[in-house]
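**Q** Provided below are the primary sequence and the corresponding predicted coordinates.
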Amino acid sequence: MSCPPLLLHLRIPCDRTHIDIWLPWFLVYILLIPVVIIMLPILLLWAIVLIPCGKAQLLFIAVYYFWQVLVNLRGLKVDIDDGVRKILFSFV
Amino acid sequence: MSENKKRILEMLEAGKITSAEALELLSAMEKDGEKEKATNPGRKIRYLRVQVDPPHGSAGEGAGKVNIRVPVTLIKAGMKLTSLMPESAASQVEDALKEKGLNINFKNIKDADVEDIIEALRELEVDVDSKDGKVRVFAE
């Protein structure tokens, strides 16, 4: 399994210059833990309800796929420079 | 030197096999190696890159410069997500793409197809050099 991104580098245009910000992306995971703990029983109940229609598996697959997207964000970089404004976001 | 080659040479030195047999074994090993290379070519792509450079001599240093790097694993994960798209949303997207001349059926995309698409990216290289600038799309 690849390592999820830990930092987010943002460059936002501000007046005639730009601001570079390094955001601690790893905090997102810490914030996600209580959300997951709260959501887990709801998710399980929902899955039980969905078993008769055969869509319970789909629910867990969706969670897994979203997690995969989140984890694989590492290395994503968008750098746009139009001469006046510079915009960057990069997951490190 | 690989372990197998060393063993063959040791056997030859010990007189357990003749030089002709050793040669035969070494050539068979080389053939196996080539076969493996053909089925699994070395370079593994990690990113899809899109670079747009402004034309030379344009006003402002770096004006109109775009540099995008997308991890291949993210593309893979994103494509798998399309399988969860609701029927109505998928058909709307497909219709919109059809209007642009792209005939894609999201429901028919399987995991193996995703792997094939990613594999095909290895050969992808788009290089457009015009008076408006330079555009490069490639995998690395």
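**A** Here it is on my side, so go on.
**Q** For the nearest residue to A:I12 once chain neighbours are set aside, give its distance to chain B.
**A** Distances taken as CB to CB, 6 or more residues apart in numbering or on different chains put A:I19 closest to A:I12, at 5.1 Å, once the chain neighbours are dropped. In short, each C-beta sits where N, CA and C put it, glycine included. Distance of A:I19 to chain B, computed by CB to the nearest CB, to the nearest Å: 18 Å.
**Q** A:I19 belongs to a helix?
**A** No. With DSSP: H, G, I helix; E, B strand; the rest coil as the criterion, A:I19 is strand rather than part of a helix.
**Q** who touches it in this structure?
**A** The neighbours of A:I19, taking CB atoms under 8 Å, 6 or more residues apart in numbering or on different chains as the test, are A:10-12.
**Q** One more: A:V69?
**A** B:74, B:77-78, B:81.
**Q** for chain B, what spans make up the helices?
**A** B:3-13, B:19-39, B:72-81, B:87-99, B:111-121 (DSSP state H).
**Q** Identify whichever of the ones you listed lies nearest to chain A.
**A** Across the helices of chain B, the minimum distance to chain A, taken as CB to the nearest CB, is reached by helix B:72-81, at 4.0 Å.
**Q** Need the residues that contact the closest one.
**A** Defining contact as CB under 8 Å, 6+ apart, one finds that helix B:72-81 is touched by A:2, A:65-66, A:68-69, A:71-73, A:75-76, B:45-48, B:109, B:111, B:114, B:117-118, B:121, B:139.
**Q** Run the angle between that helix and helix B:111-121 for me.
**A** Helix B:72-81 runs at 150 degrees relative to helix B:111-121, counting by axes from the mean of the first three to the mean of the last three CA atoms, to 10 degrees.
**Q** and the helices of chain B, which one's lowest on average pLDDT?
**A** Sorting the helices of chain B by mean pLDDT places helix B:19-39 lowest, at a mean of 74.
**Q** Please parse chain B into its domains.
**A** B:3-39, B:47-139 (automatic domain parsing).
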